[in-house]
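Peer 1: Below is the structure, and that's it, no one-letter string:
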DNA sequence: ATGGTAGCCTTGCTA
């Protein structure tokens, strides 16, 4: 089973690239973030024409997440459990066969010291709680998405410049580590030790061409999923295209 | 050198 996650920065603007990725990479499940599109406006026909099912939660202009999969989603969860009052569309979860998959878009949190950072930390606390609940099920699951967190300095092109950014602050990193200490596994680091491998490059200042990016999109695996992970990698090809998203997909293969 | 880009449908916000 191949799973991928990709912050597309508008599903409408990225539709040609999205359809090409589905056709070429053939993921069993693709998690999208920043669809920026209400569910009623999601490009259903084009995705279904490729033989895929989907589920999405969206809003106008901002946020929005989706699950696109070869089998229909089961046990659908819309919104992060415990954040019922959250009006921002940032979490969707469903079962595909025996594997539970979440597509999540964690708040950016900048500027630090504002209610945006407080909201990010509250969201992460809720994520930790929900991960704990899922672990009790003792099933394979994958929490995939744009975490807006660089886990360590080696995941940032310039850690000094980014030291006090919400993506690198200790408060954010410590809560990411809390997910790992619960027993989740960062799939990318099972297979890749090298520093300075990125999933996001800012549109500005030629960051892509200088390979100055951030590793902020992650696949976190439950113990039962980690037991079966066979491969994980970043697919840089979509970021190199014209009119690309500022993020590129990361995928993993589970032997299920 | 305090810049620069992209997407939304705004004339600013978010990233």
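Peer 2: That came through fine. Everything numeric in this text was worked out from a predicted model, so none of it was measured. Numbers count the residues shown, from 1 in each chain, chains lettered A, B, ... in the order given.

Peer 1: what's the closest non-adjacent residue to the closest residue to DNA strand B within chain A?
Peer 2: Nearest to DNA strand B, among the residues of chain A, is residue A:10, at 3.3 Å (Cβ to the nearest atom of the strand). C-beta coordinates here come from the backbone N, C-alpha and C atoms, glycine included. Excluding its sequence neighbours, the residue lying closest to residue A:10 (Cβ to Cβ, 6 or more residues apart in numbering) is residue A:36, at 4.6 Å.

Peer 1: In terms of pLDDT, where does that neighbour sit?
Peer 2: Model confidence at residue A:36, given as pLDDT, is 98.

Peer 1: Surely it and residue A:61 touch.
Peer 2: Yes: at 5.8 Å, residue A:36 counts as touching residue A:61 under the criterion of Cβ atoms under 8 Å.

Peer 1: Neighbour count: the two, which is higher?
Peer 2: The residue with more neighbours, out of residue A:36 and residue A:61 and counting by other Cβ atoms under 10 Å, is residue A:36; that gives 21 against 9.

Peer 1: Confirm that that one sits in a strand.
Peer 2: No: if the criterion is DSSP: H, G, I helix; E, B strand; the rest coil, then residue A:36 is coil and not within a strand.

Peer 1: mind listing the helices for chain A?
Peer 2: In chain A, the helices defined using DSSP state H lie at A:15-25, A:44-49, A:115-135, A:170-182, A:187-191, A:207-210, A:223-226.

Peer 1: Output those as JSON lines; include the columns mean pLDDT and distance to residue A:4.
Peer 2: Output for the helices of chain A, formatted as JSON lines (pLDDT from 0 to 100; distance: least, Cβ to Cβ, whole Å):
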{"stretch": "helix A:15-25", "mean pLDDT": "98", "distance to residue A:4": "6"}
{"stretch": "helix A:44-49", "mean pLDDT": "98", "distance to residue A:4": "14"}
{"stretch": "helix A:115-135", "mean pLDDT": "97", "distance to residue A:4": "20"}
{"stretch": "helix A:170-182", "mean pLDDT": "98", "distance to residue A:4": "20"}
{"stretch": "helix A:187-191", "mean pLDDT": "98", "distance to residue A:4": "11"}
{"stretch": "helix A:207-210", "mean pLDDT": "97", "distance to residue A:4": "20"}
{"stretch": "helix A:223-226", "mean pLDDT": "98", "distance to residue A:4": "14"}
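
Peer 1: Please name the bridge partners of the residue nearest to the spatial centre of chain A.
Peer 2: Nearest to the mean C-alpha position of chain A, by Cα atoms, centre = their mean, lies residue A:145 at 0.8 Å. Per DSSP bridges, the residues bridged to residue A:145 are residue A:104, residue A:218.

Peer 1: can I assume it is in contact with residue A:102?
Peer 2: Yes: counting by Cβ under 8 Å, residue A:145 sits close enough to residue A:102 to count as a contact (7.2 Å).
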